[in-house]
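In: Here is my input, please return the structure:
(chains A and B)
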Amino acid sequence: DGGITQSPKYLFRKEGQNVTLSCEQNLNHDAMYWYRQDPGQGLRLIYYSQIVNDFQKGDIAEGYSVSREKKESFPLTVTSAQKNPTAFYLCASSPRRYSGEQYFGPGTRLTVL
Amino acid sequence: GESVGLHLPTLSVQEGDNSIINCAYSNSASDYFIWYKQESGKGPQFIIDIRSNMDKRQGQRVTVLLNKTVKHLSLQIAATQPGDSAVYFCAENTAGNQFYFGTGTSLTVIP
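Out: Okay, here's the model as predicted:
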């Protein structure tokens, strides 16, 4: 059963703590992306990766960090430097960078208390 | 950044009727567009795409129309069903660069 998985579905953290969101894909896609979704706003790109050990900042990378040590995994860390971290986070992948259809995971809703 | 917007934030239709969801884009150089469906608490799902060398593309019960003159995109859903209730948003892409996403239209199907 191919696809993208994100875990956990809901995450609660205290202010000032770093938290890591998981994203795994078994589609053999080279490119992976992290987006943030806030109510009433379109998806905004946080980071993307075209290939293992390479990643680039998106429009709103401040306060976030990523790694791409394996092709199938692209974890996102929300650091304490992120001023407004409460949001719905979506991971996506595509065969090549920005190629056609992006496949999205189910998302993680992060709430910082 | 790019500006991708929607004319109507909410839309309610009777089951069986056709739905039309609109999207305006600002970059005349955009050459690829996608419509996504997002159900509550889930990730977006691809519905249909269209490239700028086309003005119409049909899928199963869905049709996308592209009017490059006025930079407008629409998604038509035929015989709307309760399962179509979701948020629909468009995304635009220019020459293989970053996608920019609209804010979405919430479609409610009334049984």
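In: okay, CA-based contacts and neighbour counts for the rest of this
Out: Fine.
In: And the contacts of stretch A:103-113?
Out: Contacts with stretch A:103-113, where a contact means Cα atoms under 8 Å, 6 or more residues apart in numbering or on different chains, come from A:3-15, A:21, A:23, A:85-94, B:41-46.
In: Let me see the contact set for the residue sitting nearest the centre point of chain A.
Out: The centre of chain A sits closest to A:W34, judged by Cα atoms, centre = their mean, with a distance of 3.0 Å. Contacts for A:W34 were tallied using Cα under 8 Å, 6+ apart; they are A:45-48, A:76, A:89-92.
In: ok, how many other residues are close to B:I50?
Out: Residues lying near B:I50 (other Cα atoms under 10 Å in any protein chain shown) number 22.
In: Residue numbers of chain A in contact with chain B?
Out: A:40-44, A:90, A:97-99, A:101-107 (Cα under 8 Å from any Cα of the partner chain).
In: returning to that earlier point: show the buried residues in the contacts of stretch A:103-113.
Out: The neighbour count (16 or more other Cα atoms under 10 Å in any protein chain shown) marks A:4-7, A:9, A:21, A:23, A:85-86, A:88-94, B:42-46 as buried among the contacts of stretch A:103-113.
In: Output the below-cut-off pLDDT ranges for the chain.
Out: The chain I'm using is chain A. Along chain A, segments meeting pLDDT under 70 span A:1-2, A:98-100.
In: oops, chain B please
Out: B:1-8, B:96.
In: Going by neighbour count, which of the residues of chain A next to chain B comes out on top?
Out: Result: A:G107 is most packed of these (other Cα under 10 Å), 29 neighbours.
In: Touching, A:R68 and A:N53? I think so.
Out: Yes. Counting by Cα atoms under 8 Å, A:N53 is a contact partner of A:R68 at 5.1 Å.
In: Looking at those two, which one has more neighbours?
Out: Neighbours were counted for A:R68 and for A:N53 using other Cα under 10 Å; A:R68 has more, 19 against 11.
In: and the more buried one, which of the three is it?
Out: coil (DSSP: H, G, I helix; E, B strand; the rest coil).
In: A:V52 contacts A:K71, correct?
Out: Yes. A:V52 is within contact range of A:K71, at 5.5 Å (criterion: Cα under 8 Å).
In: out of the two, which sits in the more crowded spot?
Out: Neighbour count, other Cα under 10 Å: between A:V52 and A:K71, A:K71 has more, with 20 against 17.
In: All set, thanks.
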